[in-house]
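K.L.:
Here's my sequence, what's the structure:
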Amino acid sequence: MQEGFFLFNLTEQGHSVVLVFVLAAVLAVAEIWSLKSRRAKAYHALLREARARLSEMRLRID
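P.N.:
As a prediction, the model looks like this:
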């Protein structure tokens with residue numbers, strides 16, 4: 001049973017290093033996901049503003 005835990009015959013310190021790298025990768029993915037979300041929100045806000053300005057210009061022309 002112990003052999004199943006020690007994946008690839010790593011020491012306990014080796015498992016800690018692998019765990020740190022996995023956690024860093026998860027945090028990096030979460031950060032990228034949040035940046036994409038913020039960028040999408042900003043893009044949609046700009047689109048709303050552009051549509052409002054276009055609508056206002058059309059009203060002034062009419």
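K.L.:
for this protein, which helix is longest?
P.N.:
Counting by DSSP state H, the longest helix found in the chain is helix 12-61.
K.L.:
average pLDDT for that helix?
P.N.:
Averaged over helix 12-61, pLDDT sits at 94.
K.L.:
now that helix: how far from the chain's centre is it?
P.N.:
6 Å (C-alpha atoms, centre = their mean, to the nearest Å).
K.L.:
Does that helix pack against any helices or strands, and if so which?
P.N.:
Other helices and strands packing on helix 12-61, by 3 or more C-beta pairs under 8 Å, 6 or more residues apart in numbering; DSSP states H and E, are absent; none qualifies. Just so you know, the C-beta spots here come from the backbone N, C-alpha and C atoms, and that holds for glycine as well.
K.L.:
Name the residue most distant from the centre of the protein?
P.N.:
Residue distances from the centre of the chain (C-alpha atoms, centre = their mean) peak at residue 62, which lies 44.4 Å from the mean C-alpha position.
K.L.:
Can you get me a residue count around residue 37?
P.N.:
10 (other C-beta atoms under 10 Å).
K.L.:
One more: the one 10 residues further on?
P.N.:
The tally of other residues near residue 47 (other C-beta under 10 Å) stands at 10.
K.L.:
Please list all residues in contact with residue 10.
P.N.:
By C-beta atoms under 8 Å, 6 or more residues apart in numbering, the residues touching residue 10 are residue 18.
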